[in-house]
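**Student:** fold the following and give me the result.
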Amino acid sequence: MSFEAKLQEMGYTLEPVELNAGRLMHAKRTGNLIYTSGQVSNWGGKAIKGKVGRDVSVEEGYEAARFSTLNALAAIKTVAGSLDNVVQVVKVLGMVNVAPDFDDTPAVIHGCSDFLIELFGEAGRHARSAVGMTIPHNWAVEIEIIVEVK
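**Tutor:** Presented below is the predicted three-dimensional model:
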């Protein structure tokens, strides 16, 4: 099954995005790699904002990571033409907006990793960082992805 068909089977459709965001691009290709800018936790009219461990539960953070991943995939699809052109996911940088004592950022970013593995299978396995910080505009999660494409 193609990656595009699998995504539809999972219940998602990705619309093309405007890549030019003024001072930055939502995604940029160099050679056979596409790098995304940080994509935040809003999808389908639902926004997840707040500090994980205070305002946002780990489960909500997990969902926020999925939302961020969908936005990154939309940017990747816009650059690549189709997710079927993805060879493999190379690297994920997961950033979690954390309350001062929260330290389980991997549990939140598993929302991204699990989604990528479900969609791409073995090609979705990736190197990853999951860090806690303050994210602008109080978004719960921000994700950057690097993929190799045909």
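**Student:** what's the burial count for the residue lying closest to residue 98 once chain neighbours are set aside?
**Tutor:** Among residues not flanking residue 98 along the chain, residue 132 sits closest, at 3.6 Å (C-beta to C-beta, 6 or more residues apart in numbering). Placement of C-beta: from N, CA and C, glycine included. If you count neighbours by other C-beta atoms under 10 Å, residue 132 ends up with 20.
**Student:** what lines up beside the longest strand along the chain in the sheet?
**Tutor:** Determined from DSSP state E, the single longest strand within the chain is strand 86-97. Partners of strand 86-97 in the sheet, by DSSP bridges, are strand 127-133 (parallel), strand 141-149 (antiparallel).
**Student:** what helices or strands is the lengthiest helix in the chain leaning on?
**Tutor:** Longest helix in the chain, counting residues (DSSP state H): helix 58-80. Secondary-structure packing of helix 58-80 (3 or more C-beta pairs under 8 Å, 6 or more residues apart in numbering; DSSP states H and E): strand 27-30, strand 33-36, strand 39-40, strand 42-43, strand 86-97, helix 105-120, strand 141-149.
**Student:** residues in contact with residue 29?
**Tutor:** Counting by C-beta atoms under 8 Å, 6 or more residues apart in numbering, residue 29 touches 35, 79, 80, 149.
**Student:** just give me the residue closest to the centre of this protein.
**Tutor:** The residue lying closest to the centre of the chain (C-alpha atoms, centre = their mean) is residue 69, at 2.1 Å.
**Student:** separation between the residue nearest to it when sequence neighbours are not counted and residue 54?
**Tutor:** Nearest-residue entry for residue 69: residue 112, 4.5 Å, with adjacent residues in sequence omitted and distances by C-beta to C-beta, 6+ apart. Using C-beta to C-beta, to the nearest Å, we find residue 112 at a distance of 21 Å from residue 54.
**Student:** between the two, tell me which one has more neighbours.
**Tutor:** residue 112 (29 against 13).
**Student:** that one contacts residue 94, doesn't it?
**Tutor:** Yes: using C-beta atoms under 8 Å, residue 112 is in contact with residue 94, at 5.7 Å.
**Student:** before I go, just wanted to say thanks for your time.
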